[in-house]
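Engineer: Sequence and predicted model, in that order:
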Amino acid sequence: MISQPSRHCTVELQALPSRIGQVRRIVSAQLRYWHLDPLIDLAELGVTELLTNVHRHVEPDKRCTVEMELRSERLTLSVHDHDPRLPEIRDDDVPADAVCGDAACDDLAALATCGRGLAMVAAVSESWGVRPHGDGGKVVWFTLPAPAPAKALPPTPVHTAITPLDTDVSPRPAPHHAPARSAVAG
């Protein structure tokens, strides 16, 4: 049985806001290269959420690795960081407008604006998870179903022409073209 080899892409970075945008562009470009354009929006969304979690919550540093791997009909995107604390999906019991000015509501307000990224990743992905990795880190991952490969187009276009019988179709010499010239001096 012949199987398609996996396709793999790895990016190491500091999870800073400016770098997150760069990684989104890398993910987009890689998926275009692999002809997986339909997955770009969901992949960018998921990777952005995972990298934002690293930026907000990971200690002692923000170093991480983003990996993309395509195997058969599944794209797996993962973020490996060096913080052993495992993330959790927060309950949606907190009202979205729970923003208070007094100290008693600070924790409630923080929950209202944080903690929904993994729920969003879970909602848009086929599956997701987290696992401990190495000596004190973790990997958070999600998968997206890859679309079936498009049918290969013929190597050259197929044209059918109907030529009237009384038309001369003898080969003609190719026209002579002058060499190309540049408008730039030098």
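Structural biologist: The structure has been received and is ready for your questions. Computed from a prediction, not measured in an experiment: that's the story for all the values here.

Engineer: Do you have the helices of this structure handy? List them.
Structural biologist: 17-33, 40-57, 106-113, 117-124 (DSSP state H).

Engineer: Nearest to I89, out of these?
Structural biologist: When those are compared by C-beta to C-beta, helix 117-124 sits nearest I89, at 4.7 Å. To be clear about C-beta, it is placed using only N, CA and C from the backbone, and glycine gets the same treatment.

Engineer: Name the surrounding residues that touch the closest one.
Structural biologist: Residues outside helix 117-124 that contact it (C-beta atoms under 8 Å, 6 or more residues apart in numbering) are 42, 45-46, 49-50, 52-53, 87-90, 92, 128, 140, 142.

Engineer: One more: stretch 40-53?
Structural biologist: Contacts of stretch 40-53 from elsewhere in the structure, counted by C-beta under 8 Å, 6+ apart, are 15, 19-20, 23-24, 27-28, 31-32, 64, 66, 68, 75, 77, 79, 87, 117-118, 120-121, 124-125, 140, 142, 144.

Engineer: worst-scoring helix or strand of the protein, pLDDT-wise?
Structural biologist: helix 106-113 (a mean of 49; mean pLDDT, DSSP states H and E).

Engineer: about what we covered before: list only buried entries from the contacts of stretch 40-53.
Structural biologist: 15, 19-20, 23-24, 27-28, 31, 64, 66, 68, 75, 77, 79, 87, 117-118, 121, 125, 140, 142, 144 (16 or more other C-beta atoms under 10 Å).

Engineer: As TSV, the helices of the chain with distance to D135 would be great.
Structural biologist: Listed next are these as TSV, based on distance: least, C-beta to C-beta, whole Å:
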stretch	distance to D135
helix 17-33	24
helix 40-57	18
helix 106-113	31
helix 117-124	24
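
Engineer: Read off the pLDDT value for H133.
Structural biologist: Taken from the predicted model, the pLDDT recorded for H133 is 88.

Engineer: In space, what's closest to it - neighbours in sequence excluded?
Structural biologist: Distances taken as C-beta to C-beta, 6 or more residues apart in numbering put V139 closest to H133, at 4.7 Å, once the chain neighbours are dropped.

Engineer: what about that neighbour, distance to G21?
Structural biologist: Remark: distance between V139 and G21 (C-beta to C-beta, to the nearest Å) = 22 Å.

Engineer: Between the two, which has more neighbouring residues?
Structural biologist: Between V139 and G21, counting by other C-beta atoms under 10 Å, V139 is the more crowded of the two (18 against 13).

Engineer: residues contacting that one?
Structural biologist: Taking C-beta under 8 Å, 6+ apart, one finds 78-80, 130-131, 133 in contact with V139.

Engineer: I'd like to know which of these is nearest to A148.
Structural biologist: Nearest to A148 out of those is S78 (C-beta to C-beta; 23.5 Å).
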